[in-house]
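Engineer: Here's a sequence, model it:
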Amino acid sequence: MTAALLSLLVILALALIFDFINGFHDTANAIATSVATKVLTPVQAIAMAAVLNVVGALTGTAVAKTIATDIVPQQFATLELVGAALVSAIIWNLFTWWKGLPSSSSHALIFSLVGAGVASGGWAIIIPKGVKKTLLGLVTSPALGFLVPILLMFLLSWLVLRHMRPRAVTRNFRWLQIFSAAFMAFSHGGNDAQKTMGIMTFALSAYFGTQIEQVPLWVILSAATAMGLGTSVGGWRIIKTMGFKVVDLKPVDGFVAETSAALIIETASRLGIPVSTTHTISTSIMGVGTTKGFRKVKWQVAGRIVVAWVTTIPICIALGWLIFRIFELFT
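Structural biologist: Next up is the predicted model:
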């Protein structure tokens, strides 16, 4: 076995580890509200999310192509560059998981790739199109995540809720929230697992020294499986932050938050835009909370989440850059 092949295998293993960590880090995105409203137990919710994350990951490759071809050109791809990006993203993911902060695994990976790319060839090799697409998702998904559930809640209230007794609302939406949680888990797999598929395709391009436009089937299957396994381990720390500390939720609130977030993420996946599932569901929960009154949202906790979002970009660029420089010392 050559040193290059060994390096490729290590990087592919790192990518799958990142996907596994993404699965248990972001499990909360799909199921926190269902657990918070006691519609599902944590075990039931995690099992459902694990299966549907895998199914969602098998449904497309548009986001994977964005990661593989639109951030750093494949002709500049090296195994050191990909390895530095992955190690950087894993470090930041584990740190924010340990702190219980719902930061974005997606942005950790993409901006770590940018940092490693800058260290490798300077800012000139970074493709503005892919970064702009990522920033577009960074800005619009939380904004829509906040607004869509407010509109959906007002629409539901006007069409349905005002004609029902409170007890009937709770009883009916307990069942409906199971479907919205399933939709959320499916959409999470469809967007997040594709990012690992993209980075694995980028590594294969570096190893073979050629442009790879289509994501190989074995890459799709392995990334989907790793995310499903990671999800099955669960992320109770972040579930507590997302489900219990931002706002007090009822089943109808969880249904609206999950349905809104899943619609936004699924639309972005079809457009090839790598959005943060964490950003989207967090702001959806805040949007639902706002319909109960501005003071119902625990903005102090929301502020901690925003700090994690804002710091992810510069820290991951710097980490990706630094780790690439360290790798250079040994190559």
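Engineer: how about the strands in the stretch 101-250 of the chain?
Structural biologist: Assigned by DSSP state E, counting those that start in this stretch, the strands in the stretch 101-250 of the chain number zero.
Engineer: residue ranges with poor pLDDT in it?
Structural biologist: Residue ranges of the stretch 101-250 of the chain with pLDDT under 70: 102, 234-248.
Engineer: run the last query once more with 90
Structural biologist: Flagging of the stretch 101-250 of the chain using pLDDT under 90 yields the residue ranges 101-110, 121, 129-143, 146, 160-182, 184-203, 205-217, 219-250.
Engineer: tell me the helices in it, going along the chain?
Structural biologist: Taking DSSP state H, counting those that start in this stretch as the criterion, the stretch 101-250 of the chain carries its helices at 105-121, 128-159, 166-208, 217-233, 236-240.
Engineer: mind checking how far the third one is from the chain centre?
Structural biologist: When distances are taken as C-alpha atoms, centre = their mean, to the nearest Å, helix 166-208 is centred 8 Å away from the chain's centroid.
Engineer: What is that helix packed up against?
Structural biologist: With contacts defined as 3 or more C-beta pairs under 8 Å, 6 or more residues apart in numbering; DSSP states H and E, helix 166-208 has these neighbours: helix 3-36, helix 42-57, helix 62-69, helix 79-98, helix 105-121, helix 217-233, helix 251-270, helix 277-291. For glycine as for every other residue, the C-beta is placed from the backbone atoms N, C-alpha and C.
Engineer: The same query, at a cut-off of 6 Å, please.
Structural biologist: When contacts are defined as 3 or more C-beta pairs under 6 Å, 6 or more residues apart in numbering; DSSP states H and E, helix 166-208 sits against helix 3-36, helix 42-57, helix 62-69, helix 79-98, helix 217-233, helix 251-270.
Engineer: what sits up against the second one?
Structural biologist: Counting contacts by C-beta atoms under 6 Å, 6 or more residues apart in numbering, the residues outside helix 42-57 that touch it are 27, 30-31, 34-35, 182, 185-186, 188-190, 193, 224, 227-228, 231-232, 234.
Engineer: Return the members of those classed as buried.
Structural biologist: 27, 30-31, 34-35, 182, 185-186, 188-190, 193, 224, 227-228, 231-232, 234 (16 or more other C-beta atoms under 10 Å).
Engineer: For I313, give its distance to L144.
Structural biologist: Separation of I313 from L144 (C-beta to C-beta, to the nearest Å): 20 Å.
Engineer: Next, count neighbours for the residue nearest to L221 when sequence neighbours are not counted.
Structural biologist: The spatially closest residue to L221, leaving aside those adjacent along the chain, is L58, at 7.7 Å (C-beta to C-beta, 6 or more residues apart in numbering). L58 has 15 neighbours, counted by other C-beta atoms under 10 Å.
Engineer: begin at 539 from here
Structural biologist: Noted, 539 is the first residue going forward, which turns the last one into L596.
Engineer: hang on, L596 packs against S760?
Structural biologist: No - L596 lies out of contact with S760 (C-beta atoms under 6 Å); the separation is 11.5 Å.
Engineer: Of all the helices of the stretch 639-788 of the chain, which one is nearest V620?
Structural biologist: Of all these, helix 704-746 sits nearest to V620, with 4.5 Å by C-beta to C-beta.
Engineer: For F793, give me its contacts.
Structural biologist: Contacts for F793 were tallied using C-beta under 6 Å, 6+ apart; they are 711, 714-715, 718.
Engineer: where's it relative to A553, distance?
Structural biologist: 34 Å.
Engineer: Likewise for I811?
Structural biologist: Taken as C-beta to C-beta, the span from I811 to A553 is 21 Å.
Engineer: if you count what's nearby, which of the two comes out ahead?
Structural biologist: Comparing I811 with A553 by neighbour count (other C-beta under 10 Å), the higher total belongs to A553, at 30 against 20.
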